[in-house]
Structure formats: structure tokens, C-alpha cells
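S.K.: Can you look at this prediction? I've put the sequence above it.
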Protein chains: 2
Amino acid sequence: MAGGGDELKLLGMWASPFALRAKLALCFKGLSYDYVEEDFKNKSDLLLSSNPVHKKVPVLIHNGKPICESQVIVQYIDEVFPDAGVTLLPADPHDRAVARFWAAYIDEKKQDRGGEGGGGEADVRGGGETGGSTERTFAVAEKLEGALSECSKGKPFFGGDTVGYVDVVLGGFVAWVHAIEEVFGLNQFDAAKTPLLAAWLERFDELDAVKEVMPDIGRLVELAKMRQAQAAAAAAAVAASAAGEAS
Amino acid sequence: MAGGGDELKLLGMWASPFALRAKLALCFKGLSYDYVEEDFKNKSDLLLSSNPVHKKVPVLIHNGKPICESQVIVQYIDEVFPDAGVTLLPADPHDRAVARFWAAYIDEKKQDRGGEGGGGEADVRGGGETGGSTERTFAVAEKLEGALSECSKGKPFFGGDTVGYVDVVLGGFVAWVHAIEEVFGLNQFDAAKTPLLAAWLERFDELDAVKEVMPDIGRLVELAKMRQAQAAAAAAAVAASAAGEAS
């Protein structure tokens, strides 16, 4: 319940960076809501009927009406509850356009690496096995370093003195950044390469709202290792099949 | 010039569906602007400095400040000039979320087929050479038929009685829909399969603002045929090279 007669229900999955965006936005706004954890392999009828096009989390249901797609949800929350907590989208239209540009950039880069999936698989796969992939990861981080500089105007967050839209959109991936560092030894927000972004990450991690909704890194690490093992087994099976055909 | 001291300059390419979105939005709002045609093979310093991340059209420059990415531009225009022409984004936050959802869907489907490129290549390639591709095209059209029903609430346009955000976002592709029909014989908005969408297309084509900015279909057809020939030549070269290696 968000108070004032508003009923908010969020359909999510614990490891999904996109569902985490919705949680972050709700938490930064100080809105209370019912949370429904979805099972990736056995989606609820409510999820399927609320998001018939993509059948994916997150879905926010506000007074019975579903809103789908994480960026759409975050903007919706900010527009419907303008006086709650922090304001996520900048007031100035040009600043707002810049924030939307970088939010789109973040999703585009994630899409290049696997799309708005079930919970960060793309990151795990892209996390450092090949040199080219690592270079791309750092190239994106460098662009985000520039984005932080442009959006924050020297202040602590993309949103300025307080977190804003880009903080939420990027913040969805923060838990996976930590998990990937642990599994692959790759720190995507390296202080030597992108000092502003590394400092942002530290500040972001320290926020109460972030601590409240952030998934357990240890569980993400386990998930990442399991997926890595599955991918290796699948690759081995393909190689064995190819060898069998060749012989 | 948009009047009131506003200077608007649009960097575009005549065949780009994404640049066309910006033109449509400016035209529906009744805003005048300077147009700069960019050369895909020799981009201007202004384009490179205004959109250093993607180096792509469209870029809108408003009083010296650049705004990049077609959907960001359309929302910016609507927010900065709320009283000009039609209002593109719905006033109700849930309707706005639904419009943003479908706008994102349209770009996602286009990205599946080649991304925000230089001017519709993705459509031309996806335009009917394989059965699977044709089926996908019609599956997308069917979803858009549902989107039109949801957004328009029985009125003529996605925006209701007048054009809105989704009309502009989808409208960018209208010229290519006609060109593809001519080149490949594939009508993506088939009246038998998607009657609402087909009727929307007819209505949209008849709008004065659309007639004003729509590129010449004959030129698009020539471009599509040229690209088709280039793709066929490239495929033949690959096949010849493979045959040479095998012999």
C-alpha cells in the first residue's frame, strides 16, 4: 500500500536487475508495496495476464492497472507520486532529455549483451572470458564516466545532490557488478579507469534504500557460477557432438 | 526558427525513419526549424560533436543544445512546447506509460532486425525473403493491432482523436512500409490480417503534416533495390570465396 488509497503491487524476480530498478524507485520514493516473487520457470497467471506481450518482470500493478518495462515503471512512479521522496526525473526538459538518453544507452548496451532477460545473464556471460568482451565492458564504463560527469554536474549522483533516474536505471545492475567481480575477478567500475563511477558505486551502496532492496551478493555469485557451469557443459556437449560428426 | 526566440535545427538523413520521427513531431507541433541533411558516408563535424556517443541522426539542436535519440527528441519537443499544435504524450500517467511501452516495443522489434541504423536497412532486409521473417513481421503487426486498439480506445489514432506519441514513433516507418510493399510485394499492414492498422495507415498518410515531411517513396524504392543488389553481390562473393576454398 502506498497510502492515500493507492494499491501498489510489484511482480519481480530476486536476481533481475530490471525488477531491482522498480524496487529502487519505490524505495527512493518511500512508497510501500506488496511484492510478489515470480518463478522464472513457472510464471504466475497474474504475470502472464499483466504483461501478455513480453511475459517478463518487472510489472507494477497500481490500483489494478499493470505497467510493464522497468524504465516505463520508474517514470510512471515518478510522475504519479511527484511529492513522495526524491524526484527522479530532472525538472529541466534538457536535463530530462540527457537523463533519458543515458538511460536508453544503458539498456542498449545491456541488450547488445543479451537483452532484458531473467536476471543478469548477459552480464555474467559478458564478464571477462574474452579480451574483446572485457574491452567492451570498460569502453561502456568510460562512456558512463562521461555520463556521470554530464548529469551530476560535479555533484554526488547522476541526479545531482540526490539520486535520480539514471542512478536507478544503472543501480539495477550494481549487485551484479559486485557478483561478477567475485566470480570473474573483473571490476567493471575500476577506480583506476573510471574514478568517478567507482566513487559513485561506493556512495550508492551506502544508501539506506539501496541496502534495503539489494539482493544478496552471495546468492548472485552462486547463480552466476551455476550458469557458468551450465554454459561450459553446453559448450562441451556441442564440441563432443561436432567431434562425433567429424570422426 | 520556432518563434519566441527559439532556434531549432534538425540534423537528419532523408531516408532515416528515426529522423522522420523528429520531423513528424516538429510538423505536428507546427514548429519551424532549420534542416541539415547529413551525408551517411561523410558526417558533419556538427553531427559528430553533437552526438559523440552514437554519431547518428537525428539530432535536434535547440538554442545550441543538442538532444539525441529519436524518442528522446519527440518527448523533449512535446515537453518544451506543450501549447504548440497537438499534445503527443497523453495527459493521464497510465495512458502515458502505455504509450511509452508500445513505443519501446516498436524500437525493440526494429532493433531485433538491425538497430537504429542509417535509414531502414533492417526493414528492407527483413522484408520477406524468408518465410520466418515474414511471419515475424505479421506477428509484430498483430501486436501493433492490439496496441492501436488499447491506445486509441476506438478513436482514429494511437493518440485518440489526434495523433500522439505512438503515431509519431510508428509513423517514422510508414514510408518504408510502402517502399517494401513495392519492392518485395509484402504489405506489412495487411487489411485482411490487421484491419485497424491498415485503416490507420490510410488515415495517417492523408494528414497534411505527414505529406509535408514524408520522403519520396520512389527514391526509397531505388535505395531498397540498390541495397538488395549489394547484399546479393556480397552473398555471391562469400559463396564464391567458400567454393574457392573448398576446391
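M.R.: Cool, got the structure.

S.K.: how close does the residue nearest to residue A:65 when sequence neighbours are not counted get to residue B:162?
M.R.: With Cβ to Cβ, 6 or more residues apart in numbering or on different chains as the measure, residue B:94 is the residue that lies nearest to residue A:65, at 5.4 Å, once sequence neighbours are left out. Just so you know, the C-beta spots here come from the backbone N, C-alpha and C atoms, and that holds for glycine as well. When distance is defined by Cβ to Cβ, to the nearest Å, residue B:94 is 19 Å away from residue B:162.

S.K.: How about residue A:70?
M.R.: Where residue B:162 is concerned, residue A:70 sits at a distance of 29 Å (Cβ to Cβ).

S.K.: what about these two, which has more around it?
M.R.: Higher neighbour count among residue A:70 and residue B:162: residue A:70, with 28 against 15, using other Cβ atoms under 10 Å in any protein chain shown.

S.K.: what's around residue A:187, how many residues?
M.R.: Neighbour number of residue A:187 under other Cβ under 10 Å is 21.

S.K.: Please list all residues in contact with it.
M.R.: The contact partners of residue A:187, taken as Cβ atoms under 8 Å, 6 or more residues apart in numbering or on different chains, are A:177, A:181.

S.K.: Quick check: end-to-end length of stretch A:84-91?
M.R.: For stretch A:84-91, the first-to-last residue distance is 15 Å (Cα to Cα, to the nearest Å).

S.K.: same deal with stretch A:33-41?
M.R.: Looking at stretch A:33-41, the gap from its leading to its trailing residue is 24 Å under the measure Cα to Cα.

S.K.: Likewise for stretch A:207-227?
M.R.: In terms of Cα to Cα, the two terminal residues of stretch A:207-227 are separated by 30 Å.

S.K.: Enumerate the positions of that stretch that are buried.
M.R.: Across stretch A:207-227, burial judged by 16 or more other Cβ atoms under 10 Å in any protein chain shown covers A:207, A:209, A:210, A:213, A:214, A:215, A:217, A:220, A:221, A:223, A:224, A:227.

S.K.: Quick check: residues of chain A near chain B?
M.R.: Near chain B, the residues belonging to chain A are A:53, A:62, A:65, A:67-69, A:71-73, A:75-76, A:79-80, A:93-94, A:96-97, A:100-101, A:104-105, A:111, A:143 when assessed by Cβ under 8 Å from any Cβ of the partner chain.

S.K.: so which of the buried residues of stretch A:207-227 comes closest to chain B?
M.R.: Distance ranking of those against chain B, using Cβ to the nearest Cβ, places residue A:213 first at 21.4 Å.

S.K.: Could you report the separation of the closest one from residue A:168?
M.R.: With distances taken as Cβ to Cβ, residue A:213 is found 11 Å from residue A:168.

S.K.: Give me the common contacts of those two.
M.R.: With Cβ under 8 Å, 6+ apart as the test, residue A:213 and residue A:168 both reach residue A:24.

S.K.: Enumerate every residue touching the closest residue to residue A:44 other than its chain neighbours.
M.R.: Across the structure, with Cβ to Cβ, 6+ apart as the measure, the residue nearest residue A:44 apart from its sequence neighbours is residue A:38 (6.0 Å). Listed by Cβ under 8 Å, 6+ apart, the contact set of residue A:38 reads A:11, A:12, A:13, A:44, A:47, A:57.

S.K.: doesn't residue A:9 make contact with the fourth one?
M.R.: No: taking Cβ atoms under 8 Å as the definition, residue A:44 is not a contact partner of residue A:9, at 11.4 Å.

S.K.: Quick check: neighbours shared by the two?
M.R.: residue A:36.

S.K.: Tell me how many other residues crowd residue A:55.
M.R.: Burial of residue A:55 is recorded as 13 neighbouring residues (other Cβ under 10 Å).

S.K.: Under a three-state scheme, what state does the closest residue to it other than its chain neighbours occupy?
M.R.: Distances taken as Cβ to Cβ, 6+ apart place residue A:48 nearest to residue A:55, at 5.7 Å, with adjacent residues excluded. Reducing the assignment to helix, strand or coil with DSSP: H, G, I helix; E, B strand; the rest coil, the entry for residue A:48 is helix.

S.K.: Please report how far residue A:48 lies from chain B.
M.R.: When distances are taken as Cβ to the nearest Cβ, to the nearest Å, residue A:48 and chain B turn out to be 15 Å apart.

S.K.: in chain A, what secondary structure element scores lowest on mean pLDDT?
M.R.: Ranked by mean pLDDT, DSSP states H and E, the helix or strand of chain A with the weakest confidence is helix A:121-125, at a mean of 33.

S.K.: circling back: quick one: which of residue A:44 and residue A:9 has more around it?
M.R.: Neighbours of residue A:44 and residue A:9, each counted by other Cβ under 10 Å, are more numerous for residue A:9; the result is 18 against 13.

S.K.: Show the model's pLDDT score for that one.
M.R.: With respect to pLDDT, residue A:9 scores 98.

S.K.: what's the answer for residue A:132, then?
M.R.: With respect to pLDDT, residue A:132 scores 63.

S.K.: And residue A:135, by the same measure?
M.R.: Value listed for residue A:135 in the pLDDT field: 84.

S.K.: picking that back up, so which of the residues of chain A next to chain B belong to strands?
M.R.: Filtering the residues of chain A next to chain B for membership in strands, criterion DSSP state E, returns A:62, A:65, A:67, A:68.

S.K.: Of the residues you listed, just the buried ones, ChimeraX syntax please.
M.R.: To isolate the buried members of those in ChimeraX, using 16+ other Cβ under 10 Å:
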select /A:62,67,68
